[in-house]
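Student: My questions are about this predicted structure, shown below with the sequence.
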Amino acid sequence: MVRTFIAYAKFNLYLAILGRRPDGFHELDTRLQSIDLADRLECEVTGGPDLEIDCAAPEVPSGKENLVYQALARLRTRAGERRGMRVVIEKGIPPQAGLGGGSADAGCALCAANELWGLGWSPPDLEQLAGEIGSDVPFFIRGGAQRCRGRGERTEPVPCLPPSTWAIVKPPWGLATSAVYARVRSGLTSPGPESRMLLGNIAKRDLSSVLRAMFNDLEPAAMAIRPEAGEIKAWMLGLGMAGVVLAGSGSAWVGLCPDPDVAVRARREAGARGWTVFLAAPVPRGWIETNR
């Protein structure tokens with residue numbers, strides 16, 4: 001029986017780079033929010049032992065190169081499961097955009113397999129395993145709103161954003177996460193007061209103050225690789241969007257749409273520039289199953 005799961009994207013309200021770790025990763029302090037831009041995963045348990053991962057999107061690897069395969073293979077080995085699974089991924093989250101599409105799929109697949117294989121693992125157990133797969137993957141086990149530290153694997157639930165409409169502007173080109181982080185000058189930000197203030201304003205549902213406090217330390221590195229990225233931010237601000245920041249390591253940018261007219265204008269004008277606009281709203285979870 002095929003069961004369908006929805007894996008939600010994310011964006012960063014702030015992303016601070018604290019320095020480079022001895023393991024080669026960067027020490028982060030970031031606040032992630034799930035949004036209803038999503039991928040669709042159709043999952044079916046098979047007699048085994050194969051794992052089959054299919055995706056029609058040419059930018060997304062199938063088979064063993066896909067994070068979903070790696071997540072399921074690790075979970076199956078750790079749990080001693082002998083059955084297999086077939087997963088068909090339908091992409092709605094643009095790749096190489098900084099919206100966590102691959103990590104969202106991996107986190108969702110872990111939760112789906114936990115149910116379909118009847119493993120009974122707790123969310124903390126799944127999060128610990130997810131941290132072995134990718135820095136963002138633990139967030140997507142529960143999703144919603146979380147402050148993430150370390151490589152991103154240390155998660156702490158925080159209040160969700162209030163209802164709001166966000167525009168995501170994606171250029172036709174992508175940015176590789178590794179290339180952006182390679183350009184980072186470590187130790188740029190000391191996020192303590194800024195992050196506490198932003199988190200406090202979210203708790204008070206003071207969205208205007210949140211917008212003024214948003215930042216992403218990866219923006220200079222991304223614009224060093226693709227200087228035209230700055231044109232997207234300037235265009236969004238010129239339309240009247242607020243809190244415009246790079247989505248993760250890019251290449252998409254995220255900003256609040258203050259009213260429907262701005263969203264309509266953004267969609268109309270972006271096409272002439274070769275950009276795509278997605279509209280999204282905050283959601284309180286990282287995934288759902290649609291069959292129930």
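Tutor: Now that the structure is in, tell me what you want to look at.

Student: C-alpha only now, for contacts and for neighbours.
Tutor: Fine.

Student: Just give the nearest non-adjacent residue to residue 72, would you?
Tutor: Leaving aside its sequence neighbours, residue 72 sits nearest to residue 110 (C-alpha to C-alpha, 6 or more residues apart in numbering; 6.3 Å).

Student: Do a quick rundown of the helices in the chain.
Tutor: For the chain, helices defined by DSSP state H occupy the ranges 67-79, 101-116, 123-130, 137-142, 177-182, 192-203, 207-213, 219-225, 229-239, 260-270.

Student: so how far is residue 39 from the residue most central in space within the chain?
Tutor: Centroid-nearest residue in the chain: residue 100, 2.7 Å away (criterion: C-alpha atoms, centre = their mean). Per C-alpha to C-alpha, to the nearest Å, residue 100 is found 11 Å from residue 39.

Student: list residues touching both of those two?
Tutor: The contact sets of residue 100 and residue 39 overlap at residue 9 (C-alpha atoms under 8 Å, 6 or more residues apart in numbering).

Student: coming back round to it: and the helices of the chain, which one is worst for confidence?
Tutor: Mean pLDDT is lowest for helix 192-203 among those, at a mean of 63.

Student: Domain boundaries for this structure, per the record?
Tutor: 3-158, 166-280 (automatic domain parsing).

Student: related to what we said a few turns ago, and the residue nearest to residue 72, what is it in contact with?
Tutor: Contacts here follow C-alpha under 8 Å, 6+ apart; on that basis residue 110 touches 68, 71, 72, 75, 126, 130, 141.

Student: Tabulate these (CSV), appending neighbour count and distance to residue 230.
Tutor: Converted to CSV, these look like this (neighbours: other C-alpha atoms under 10 Å; distance: C-alpha to C-alpha, whole Å):
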residue, neighbour count, distance to residue 230
68, 27, 33
71, 25, 35
72, 22, 38
75, 19, 41
126, 19, 38
130, 25, 33
141, 25, 33
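
Student: that older thread, out of the domains of the chain, nearest to residue 286?
Tutor: Counting by C-alpha to C-alpha, residue 286 lies closest to domain 3-158 out of these; the figure is 3.7 Å.

Student: from the chain's centre, how far out does the closest one sit?
Tutor: Its chain's C-alpha centre and that of domain 3-158 lie 9 Å apart, by C-alpha atoms, centre = their mean, to the nearest Å.

Student: For it, measure first residue to last.
Tutor: 30 Å.

Student: Phi and psi next, for the residue nearest to the centre of the chain.
Tutor: phi 80, psi 30 (degrees, to the nearest 10).

Student: show me the contacts for it.
Tutor: Per C-alpha under 8 Å, 6+ apart, neighbours of residue 100: 9, 10, 11, 136, 248.
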